[in-house]
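Trainee: could you work out the structure for the sequence below:
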Amino acid sequence: MTSATNGTGSNDGGLSDEVLRVRRTSPYSTREKIGRLLWGFVQSTLFRATFHNWYGVRRAMLRAFGAKMHATANVRRTVTIECPWNLSLGAESSIGDRAIVYCLGPVTIGRNVTVSQGAHICAGSHDSRKAAMPLLRPPVVIGNEVWIATDAFVGPKVRVGDGAILGARGVALEDLEPWTIYLGNPAVKVRAREFEGR
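Mentor: I've put the predicted structure just below:
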């Protein structure tokens with residue numbers, strides 16, 4: 001039998017016992033674990049099995065798990081939402097097919113927002129400055145009149161200003177200014193968003 005440590009207080013992988021203890025300790029409370037398990041079952045069965053236009057039914061399911069959903073907010077049946085109790089979705093806003101809304105931290109989406117198919121909003125990360133890589137749950141805030149286009153990614157702690165557009169497959173790791181169009185990875189602003197007739 002070999003020892004689990006090398007005699008210096010760390011295991012053979014080079015991590016200290018304290019780091020290993022932190023890594024092996026779940027960051028989720030028992031209530032969160034149960035909630036995630038129940039929601040995972042509902043989402044993969046009942047939620048997915050709804051007709052495409054049964055928005056009211058899906059709103060009711062999300063509300064039952066603590067999401068704040070305006071009566072005119074629409075979520076497609078193939079959307080993946082983690083921890084819906086951390087989601088707030090405003091009036092006339094919609095989340096498209098196959099989008100991922102990873103709400104480990106709070107995700108607030110304003111009114112008249114379009115989150116297109118395949119987009120990913122991520123309110124979870126890890127602290128890479130620490131060996132234990134503890135879980136972080138920074139919020140994501142998306143303002144009003146925003147468009148997050150197909151396959152775009154909005155990272156943790158990002159604030160998207162009112163009227164901003166993140167183009168297809170764009171990656172926003174920093175705040176986006178209001179009424180500005182961003183493209184690319186990492187996203188850079190390309191021009192102001194303007195309307196004809198204004």
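Trainee: show me which helix or strand of the chain is least confident by mean pLDDT.
Mentor: Every helix and strand in the chain was compared by mean pLDDT, DSSP states H and E; the lowest is helix 17-24, with a mean of 81.
Trainee: next secondary structure after that one?
Mentor: Downstream of helix 17-24, the first helix or strand assigned by DSSP states H and E is helix 30-42.
Trainee: any idea how far that following helix is from the chain center?
Mentor: 17 Å (C-alpha atoms, centre = their mean, to the nearest Å).
Trainee: re the thing from before, and the least confident helix or strand of the chain, C-alpha only, in CSV?
Mentor: The C-alpha trace of helix 17-24 is given here as CSV (Å, rounded to 0.1, in the frame of the first residue of the first chain):
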residue,chain,number,x,y,z
ASP,A,17,-5.2,18.2,1.6
GLU,A,18,-7.1,21.5,2.1
VAL,A,19,-7.4,22.1,-1.7
LEU,A,20,-8.7,18.6,-2.1
ARG,A,21,-11.2,19.1,0.7
VAL,A,22,-12.5,22.2,-0.9
ARG,A,23,-12.7,20.6,-4.3
ARG,A,24,-14.6,17.6,-2.9
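Trainee: next, the buried residues of it.
Mentor: For helix 17-24, burial by neighbour count (16 or more other C-beta atoms under 10 Å) applies to 19, 20, 22. From N, CA and C alone the C-beta is placed, and that goes for glycine too.
Trainee: then stretch 171-187?
Mentor: Of all the residues in stretch 171-187, those buried under the rule 16+ other C-beta under 10 Å are 171, 172, 176, 178, 179, 180, 181, 182, 183, 187.
Trainee: end to end, how far does that stretch reach?
Mentor: One end of stretch 171-187 to the other measures 5 Å (C-alpha to C-alpha, to the nearest Å).
Trainee: so what's the gap between that stretch and the chain middle?
Mentor: Worked out by C-alpha atoms, centre = their mean, stretch 171-187 lies 16 Å from the chain centre.
Trainee: ditto for stretch 144-164
Mentor: Chain-centre distance of stretch 144-164: 11 Å, with C-alpha atoms, centre = their mean.
Trainee: repeat that for stretch 27-39.
Mentor: That offset, for stretch 27-39, works out to 17 Å (C-alpha atoms, centre = their mean).
Trainee: any chance of the buried residues of stretch 171-187 in CSV, plus distance to residue 70?
Mentor: Formatted as CSV, the buried residues of stretch 171-187 follow (distance: C-beta to C-beta, whole Å):
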residue, distance to residue 70
171, 28
172, 24
176, 22
178, 21
179, 23
180, 25
181, 26
182, 26
183, 29
187, 27
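Trainee: can you put those in a markdown table and add secondary structure and distance to residue 35?
Mentor: What follows is the buried residues of stretch 171-187, written out as a markdown table (DSSP: H, G, I helix; E, B strand; the rest coil; distance: C-beta to C-beta, whole Å):
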| residue | secondary structure | distance to residue 35 |
| --- | --- | --- |
| 171 | strand | 30 |
| 172 | strand | 28 |
| 176 | strand | 31 |
| 178 | coil | 34 |
| 179 | coil | 37 |
| 180 | strand | 37 |
| 181 | strand | 38 |
| 182 | strand | 34 |
| 183 | strand | 37 |
| 187 | coil | 33 |
